[in-house]
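Undergrad: Have a look at this prediction, sequence included:
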Amino acid sequence: MSMRFNKWASNWIEENIPPGANTDIETYEARAKRLMNEMYAEATAVNFSDFEIKEEWSRIAPLVLAAVSDTTEFDVDAYALKTLLANEHEDGD
């Protein structure tokens with residue numbers, strides 16, 4: 001199990017898949033597949049090996065589908081505030 005890739009993938013999901021997916025444009029499955037392809041491309045670009053990616057792929061796919069299937073009402077302002085607060089806490093301010 002590649003914990004390094006798992007951590008990277010979890011962060012990627014949080015940064016690239018906000019809650020409240022618009023199903024009028026594409027299905028959840030189609031969006032998950034498209035985003036998994038984007039994730040794969042970015043993972044190889046940041047030097048994860050094919051072995052690391054393939055080892056965790058079956059564990060990551062359901063997380064991506066769950067993230068795109070989240071129908072929670074999305075509040076952009078609350079999301080931006082949470083992001084700012086999280087960044088402040090990470091910096092140790």
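TA: Ah, there it is.

Undergrad: can you tell me how far residue 89 sits from residue 15?
TA: Residue 89 is 16 Å from residue 15, where distance means CB to CB, to the nearest Å. (C-beta placed from N, C-alpha, C; glycine too.)

Undergrad: Same check on residue 66?
TA: Distance from residue 66 to residue 15, counting by CB to CB: 16 Å.

Undergrad: buried residues in the helix ranked longest in the chain?
TA: Assignment by DSSP state H gives helix 50-69 as the longest helix of the chain. Across helix 50-69, burial judged by 16 or more other CB atoms under 10 Å covers 52-53, 56, 60, 64-65, 67-68.

Undergrad: Next SSE downstream of that helix?
TA: On the C-terminal side of helix 50-69, the closest following helix or strand by DSSP states H and E is helix 76-91.

Undergrad: Kindly format the C-alpha coordinates of the worst-scoring helix or strand of the chain on mean pLDDT as CSV.
TA: One helix or strand of the chain scores below all others by mean pLDDT, DSSP states H and E: helix 76-91, with a mean of 75. Provided in CSV are the C-alpha atoms of helix 76-91 (Å, rounded to 0.1, in the frame of the first residue of the first chain):
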residue,chain,number,x,y,z
VAL,A,76,-18.8,29.0,-2.4
ASP,A,77,-18.2,31.6,0.3
ALA,A,78,-18.1,29.0,3.1
TYR,A,79,-15.7,26.9,1.0
ALA,A,80,-13.4,29.8,0.4
LEU,A,81,-13.5,30.7,4.1
LYS,A,82,-12.7,27.1,5.2
THR,A,83,-9.9,27.0,2.7
LEU,A,84,-8.4,30.3,4.1
LEU,A,85,-8.7,29.1,7.7
ALA,A,86,-7.1,25.7,6.8
ASN,A,87,-4.2,27.4,5.1
GLU,A,88,-3.7,29.7,8.1
HIS,A,89,-3.5,26.7,10.4
GLU,A,90,-1.1,24.9,8.2
ASP,A,91,1.3,27.8,8.2
